[in-house]
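[1] Any chance you could fold what I've pasted below:
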Amino acid sequence: MDKKERWELIWVAFVIILFAIVIAGTLPLDFQVGGVPSVLSALNGVSSSDVVNVHITSYQYLFKVQESGPVNSNMMGSPFYYNVIVGHPGEYLNISMTSADVTSNFYFPDYSDRVVTDQIVPGLVAYDVLPVPNITGVYTFLGGEYNGPWFSYQTGLLIDIPSSGYIPVSDLSQYISQTQTSQTSTLVGDPYNPPIVVQDNTMTPSFYLQGSKEAMFNDSVPGPTLVVENGANVTISMYIPAIASELDYLYNYTPTGTGYFVNNVMVGIYAVWWNGTITPVAMEPISYNTTMTFHFTANAPAYLYGIVTPVYYNYNPLDLSSKIGPLIGVQKGYVMGYWGSVLVVS
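    The predicted model follows:
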């Protein structure tokens, strides 16, 4: 063996040893992704009564959320929320995340405090600890990983309400101020942060929500955040057009590739209570090209409106996936677009 070969073998051995050191040092974390369990140290010294355990299962285009602790997820009898997290100021969200199908991401841009971003990879577990903002309101979280054409609809709301009573007017002013600051500076052009429509100076507020060919209310997913006074008699009107378009997740396809409008969904108003229970207030089957009007008295701290459960979408026109092959017709998943929230102030 000449001198050159000897040095080559020494270099190869050095690389192998280096890889072994890296693998040995990172092996305990190989199956946990962004953040790793060490982030849970942020809960040291925090009372268990202030910790909401949150497990997020990410689907293609959807977050399914289960909570326990100060908030117990209960949505019309189901133990899961869809694209919603409920919390109270001063609490901590102890979050674990898994994927049911594709690689996704949990992105929470609270620019007044912190920006959280965690990858959610199939077969792995991600962890994070997120303080619930001290200013009550609704805060957007979203899937920051492109996983198909509907990825921008994988957008949810952290509904931050008092543990009792209603949102103080002072909190509302701060919430609006920081949201407007973000929208005019940090988040310019960001389609995820819903606009705020306030009618808290009347006891008979009335809102009109216009649907579009992109299947969203007033050009926003989630739709506008509506604000009303406690005890107000609220009217919300929603119009959902029937537009045969691949941009509309409510225009679906049969297994043989025939297009049709989804009809087996409910549109309505749903109360979000202090303990996290979500109950129906008024709902009816979807009616296209017709104004659906709902009336209710605002006595819960928050509400959801619209279609608050996911719709399974499968893009397969003319059964092309069978005629051409698996590269056609693979755009499928659970989608939510026509929904939003109402905040109640006092």
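
[2] what about the residue nearest to Val308 when sequence neighbours are not counted, how many neighbours?
    The spatially closest residue to Val308, leaving aside those adjacent along the chain, is Trp339, at 5.2 Å (CB to CB, 6 or more residues apart in numbering). Placement of C-beta: from N, CA and C, glycine included. Trp339: 26 surrounding residues under other CB atoms under 10 Å.

[3] Which parts of the stretch 201-346 of the chain are helices?
    Applying DSSP state H, counting those that start in this stretch to the stretch 201-346 of the chain gives helices spanning 320-323.

[4] Which helix or strand contains the spatially closest residue to Ser49 that is not a sequence neighbour?
    Excluding its sequence neighbours, the residue lying closest to Ser49 (CB to CB, 6+ apart) is Pro70, at 6.5 Å. Taking DSSP states H and E as the definition, Pro70 sits outside all helices and strands.

[5] residues in contact with Pro70?
    49-52, 88, 91, 163 (CB atoms under 8 Å, 6 or more residues apart in numbering).

[6] I'd like these as CSV, with neighbour count and distance to Val197 appended.
    Shown next, in CSV, are those (neighbours: other CB atoms under 10 Å; distance: CB to CB, whole Å):
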residue, neighbour count, distance to Val197
Ser49, 8, 35
Asp50, 15, 32
Val51, 17, 34
Val52, 23, 28
His88, 21, 24
Glu91, 22, 27
Ser163, 14, 26
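
[7] nearest to Asn147, of the residues you listed?
    Using CB to CB, Val52 is the member of the contacts of Pro70 that lies nearest Asn147, at 26.6 Å.

[8] in which helix or strand would I find the closest one?
    Secondary structure assignment for Val52, by DSSP H and E: strand 51-59.

[9] Buried ones in that strand, by neighbour count?
    Neighbour counts over strand 51-59 (16 or more other CB atoms under 10 Å) mark 51-59 as buried.

[10] Quick check: neighbours of it in the sheet, parallel or antiparallel?
    Strand 51-59 sits in its sheet next to strand 62-68 (antiparallel), strand 92-99 (parallel), going by DSSP bridges.

[11] Low-confidence stretches in the stretch 101-250 of the chain?
    Applying pLDDT under 70 to the stretch 101-250 of the chain flags residues 111-113, 186-192.

[12] got a list of what Phe294 touches?
    Going by CB under 8 Å, 6+ apart, Phe294 touches 235-238, 268-269, 281-282, 305.

[13] all strands of the stretch 201-346 of the chain, in order?
    Taking DSSP state E, counting those that start in this stretch to define them, one finds strands in the stretch 201-346 of the chain at 206-210, 225-229, 233-239, 251-253, 259-261, 266-272, 277-285, 291-297, 302-306, 311-314, 332-335, 339-345.

[14] So what touches the longest one?
    With contacts defined as CB under 8 Å, 6+ apart, strand 277-285 is touched by 72, 74-76, 81, 84, 263-273, 292, 294-296, 303-304, 308.

[15] Pull up the pairing partners for it, direction included.
    Within its sheet, strand 277-285 is paired with strand 74-75 (parallel), strand 266-272 (antiparallel), according to DSSP bridges.

[16] okay, among the contacts of Pro70, which ones form the most distant pair?
    Val51 and Ser163 (13.8 Å).

[17] ok so, going back, out of the contacts of Phe294, which one sits closest to Thr181?
    Nearest to Thr181, judged by CB to CB, of those is Tyr305 at 26.1 Å.

[18] Show me what the closest one is bridged to.
    Beta-bridge partners for Tyr305, by DSSP bridges, are Ile269, Gly340.

[19] which of the residues in stretch 246-264 are buried?
    For stretch 246-264, the neighbour count (16+ other CB under 10 Å) marks 248-253, 257, 262 as buried.

[20] Apart from its chain neighbours, what residue comes closest to Tyr139?
    Excluding the flanking residues, the one nearest Tyr139 by CB to CB, 6+ apart is Leu158, at 4.3 Å.

[21] roughly how far apart are the one you found and Asn233?
    Distance, Leu158 to Asn233, by CB to CB, to the nearest Å: 28 Å.

[22] Looking at the two, which one has more neighbours?
    Using other CB under 10 Å, the more surrounded residue of Leu158 and Asn233 is Leu158, with 20 against 14.

[23] what helix or strand does that one sit in?
    Taking DSSP H and E as the definition, Leu158 sits inside strand 155-160.

[24] what about the residue nearest to Ser49, distance to Asp50?
    For Pro70, the distance to Asp50 equals 7 Å [CB to CB].

[25] Overlap of the contact sets of the two?
    Residues touching both Pro70 and Asp50 (CB under 8 Å, 6+ apart) are Glu91.
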